[in-house]
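[1] just the structure for this:
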Amino acid sequence: MKHKTSEPLVSTIMERCRLCYTCVRECPAKAIRIERGQAEVLESRCIGCGNCVKVCSQKAKKVRSSIAEVETLLALGDRVPRVAMIAPSFPAEFSGFGVGVLAGMVRKLGFTYVLEVSAGADAVAAALRRLISADTERSYIETSCPAIVAYVQKYHPDLVPSLSPIVSPMIATARIARKMYGPDLKVVFIGPCIAKKNEAAEDGSGVDAVLTFSELHELFRLRGISPDNVQPSDFDPPRPGLGMLFPMKRGVIQAARMNEDLLANEVLTADGRSSFIEAIRDFSLMAREIRLLEILCCNGCVMGPGMTTKEPLYRRMSTITRYAQQRLIQQSSESTTETAVCELSDSELRRSYSSNDQRIDLPSEEQIREVLVTMGKKTVEDELNCGSCGYDTCREHAIAICKGLAESEMCLPYSIERLRTSLEEVEESHRQLESTQEALMRAERLASMGQLSAGIAHEVNNPLGVVLIYAHMLLEETDPNSEHYKDLKIIVEETDRCKSIVAGLLDFARQNKSNYSRTDLPAIIDHYFEIFQKPAGIELTINHRTPGLDAELDPDQITQVLTNLISNAIKAMNDCGGLTVETHGDSEWACIKVSDTGVGIPKKNLSKIYEPFFTTRPNGEGTGLGLPVIYGIIKMHRGKIDVESNADPTAGPTGSTFYVRLPRTRQDEPKQEEKL
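    Okay, the predicted model is just below:
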């Protein structure tokens with residue numbers, strides 16, 4: 001009874017997968033799905049070729065092991081005979097072993113008989129020759145390779161009737177063994193092919209388990225069996241013939257004594273991933289011209305995924321050829337082979353095949369184009385077809401995405417572009433963070449200075465008022481012609497200036513109470529300019545872009561903001577230039593824009609303009625409190641202030657533009673409906 005398992009033939013060890021997409025590229029059935037950055041082998045689509053196993057440098061592909069299954073059979077003891085069938089590619093895998101050593105090692109594992117599958121290959125070759133000779137109207141695809149059979153069944157089901165109705169050499173050898181050694185045999189196939197594991201699981205195969213050569217090495221290691229501690233022995237009958245050439249390209253043809261005559265064009269051969277796909281795709285077009293398509297999924301069975309030798313292809317083929325020559329010379333006088341082969345009739349070598357359609361409908365051209373555009377491939381020129389995704393073309397990749405087999409992130413140029421965009425976004429975020437941190441530090445610094453200024457102003461204000469009163473009294477009582485009158489006048493003027501500075505400090509610290517009301521912002525500006533004494537050299541432009549722009553604000557404080565900005569602008573232009581005041585807004589913000597054509601603010605000073613007492617004007621012409629007071633008022637309104645300025649004439653027109661943004665509704669009050 002066969003050991004049943006739900007484990008897939010090939011699976012991925014996720015922690016080893018490095019997402020190189022080599023397995024995707026090498027899979028002829030495209031049976032590998034990339035999902036969430038992980039490569040998953042789809043068992044229903046897999047044909048068992050083992051290409052993904054061979055090419056994975058990280059050893060991330062795991063083949064279902066049959067070692068435990070075989071050990072269970074071996075544990076049955078002598079009451080149940082067991083036969084090991086060795087695939088004809090074994091000379092290439094065990095080239096360092098002496099004649100008969102491998103058979104001796106396998107016997108020591110506990111097998112009763114050790115057979116060469118080459119004998120079954122001879123039976124298959126003879127049956128194939130008779131089939132082609134008898135049916136001259138049909139064309140066939142040779143079926144010794146189970147991966148090829150699975151590929152036709154799943155992806156070219158219309159060609160299933162063209163599969164030659166003959167069992168594989170493995171199954172033929174199992175049937176020969178049971179005829180020669182009894183029907184109760186337990187049969188284990190040993191070879192280079194992992195697809196044989198699925199073939200053996202089919203009903204009627206007559207094979208109980210399949211070991212790859214790599215698994216056989218592991219079993220030898222577990223049992224401590226080596227060439228040095230076994231007695232060499234010959235293989236059991238039947239003796240092989242030209243079937244020993246089966247693991248090589250054209251080996252089937254030679255064993256069947258057929259010719260690949262290029263002029264006759266009746267027999268064609270193909271092997272390897274790319275060649276066999278093209279050959280099967282074109283077979284329906286060539287079916288009337290050729291009689292037989294001899295095809296192997298690998299570059300011959302000697303290159304199967306179950307092999308462990310590192311020898312190159314042609315050295316492996318040479319090894320098999322030399323072995324076949326020696327064997328044929330040794331057994332030239334024996335007739336056992338022919339007798340054993342003839343014991344199987346054509347009916348015992350026949351089988352049928354059914355389709356197992358795994359094709360996925362092609363997406364529409366619109367769907368394909370949509371995916372390509374998503375990956376930045378808006379034109380044909382954008383389709384680089386670099387193959388880094390594992391697909392030959394960008395279009396094939398897009399189709400695979402539509403089928404749910406791939407992801408757009410597999411595209412290297414697309415991923416690089418996304419990475420570049422992400423880096424730019426991170427850099428922009430970093431710049432914004434630095435700007436926010438700088439603004440926060442400035443706000444904290446100004447808040448601390450405001451508290452200090454308020455304390456100083458309160459302490460100084462009272463004695464300063466006394467000094468100012470007595471200075472005015474002395475000035476009024478002094479004769480203007482007196483020599484002391486001029487000195488007293490200077491004292492009064494400077495004391496008044498000190499009082500203005502103290503008042504500015506209190507404004508900066510916002511010790512005064514704000515009176516908020518819903519106010520028409522353009523009306524405030526228009527009223528200000530009604531009483532504004534405009535210098536003759538100033539060209540004034542006022543533009544209200546948003547009618548009915550009102551907001552919850554303190555009109556007096558906003559007038560003070562406007563006064564300071566206009567005053568600074570006029571001084572920056574030396575009473576000659578263009579002054580522009582604009583208002584605009586949306587449902588959340590009311591904005592004031594004040595622009596001048598003055599000398600501008602040097603870049604090095606932009607970070608200091610809101611600091612108290614910072615000024616670039618000569619002594620006595622400014623206190624350095626205008627912009628700090630503006631900053632304090634706007635922050636009290638939960639607003640924002642920004643500036644753009646150019647002081648370098650070589651970089652364009654000089655001048656400054658201040659942007660003041662005020663919330664239309666106070667944040668601590670319910671938001672009112674926007675006026676239409």
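[2] can you give me the buried ones in stretch 152-170?
    Neighbour-count burial for stretch 152-170 flags 152-157, 159-160, 162-164, 166-170 (criterion: 16 or more other CB atoms under 10 Å). For glycine as for every other residue, the C-beta is placed from the backbone atoms N, C-alpha and C.
[3] how about the CA coordinates for it, as PDB?
    Extracted C-alpha coordinates of stretch 152-170, given in PDB (Å, rounded to 0.1, in the frame of the first residue of the first chain):
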ATOM      1  CA  VAL A 152       1.000  18.800 -21.900                       C
ATOM      2  CA  GLN A 153      -1.900  17.800 -19.600                       C
ATOM      3  CA  LYS A 154      -2.000  21.100 -17.800                       C
ATOM      4  CA  TYR A 155      -1.100  23.700 -20.500                       C
ATOM      5  CA  HIS A 156      -1.700  22.000 -23.900                       C
ATOM      6  CA  PRO A 157      -4.700  19.800 -23.100                       C
ATOM      7  CA  ASP A 158      -5.600  19.800 -26.800                       C
ATOM      8  CA  LEU A 159      -2.400  17.800 -27.400                       C
ATOM      9  CA  VAL A 160      -3.200  15.000 -24.900                       C
ATOM     10  CA  PRO A 161      -4.400  12.700 -27.700                       C
ATOM     11  CA  SER A 162      -0.900  13.000 -29.200                       C
ATOM     12  CA  LEU A 163       0.800  11.600 -26.200                       C
ATOM     13  CA  SER A 164       2.200   8.200 -27.000                       C
ATOM     14  CA  PRO A 165       0.000   5.600 -25.100                       C
ATOM     15  CA  ILE A 166       3.100   3.800 -23.700                       C
ATOM     16  CA  VAL A 167       4.100   3.600 -20.100                       C
ATOM     17  CA  SER A 168       7.400   5.100 -18.900                       C
ATOM     18  CA  PRO A 169      10.600   3.000 -18.400                       C
ATOM     19  CA  MET A 170      10.000   3.200 -14.600                       C
END
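[4] show me the shaky parts of the stretch 151-300 of the chain.
    259-265, 287-288 (pLDDT under 70).
[5] and the helices in it?
    169-181, 195-200, 213-223, 251-255, 273-286 (DSSP state H, counting those that start in this stretch).
[6] can you list contacts of the longest one?
    Outside helix 273-286, the residues that touch it by CB atoms under 8 Å, 6 or more residues apart in numbering are 26, 28, 49, 51, 139, 141, 148, 151-152, 156, 158-159, 162, 268, 270, 293, 295-297.
[7] for the second one, same thing?
    With CB under 8 Å, 6+ apart as the contact definition, helix 195-200 has outside contacts at 2, 9, 47-50, 64, 66, 145-147, 149-150, 168, 170-171, 189, 205, 207-210, 297.
[8] distance from the chain centre to that helix, please.
    Remark: helix 195-200 is offset 34 Å from the chain centroid, using CA atoms, centre = their mean, to the nearest Å.
[9] what's Val55 in contact with, if anything?
    Contact analysis of Val55 by CB under 8 Å, 6+ apart lists Thr22, Cys23, Arg25, Glu26.
[10] tell me the one among these nearest to Glu434.
    Thr22 (42.9 Å; CB to CB).
[11] in stretch 548-555, what's buried?
    By neighbour count on 16+ other CB under 10 Å, the buried set for stretch 548-555 is Leu549, Asp550, Ala551, Glu552, Leu553, Asp554, Pro555.
[12] measure it end to end?
    Separation of the first and last residues of stretch 548-555 by CA to CA, to the nearest Å is 16 Å.
[13] contact partners of that stretch?
    By CB under 8 Å, 6+ apart, stretch 548-555 touches 514-522, 524, 583-585, 590, 633, 637, 662-666, 669, 675.
[14] ok, now stretch 465-476?
    Residues outside stretch 465-476 that contact it (CB under 8 Å, 6+ apart) are Tyr485, Leu488, Lys489, Ile491, Val492, Thr495, Asp496, Lys499.
[15] from those, which land in strands?
    Using DSSP state E, no member of the contacts of stretch 465-476 sits in strands.
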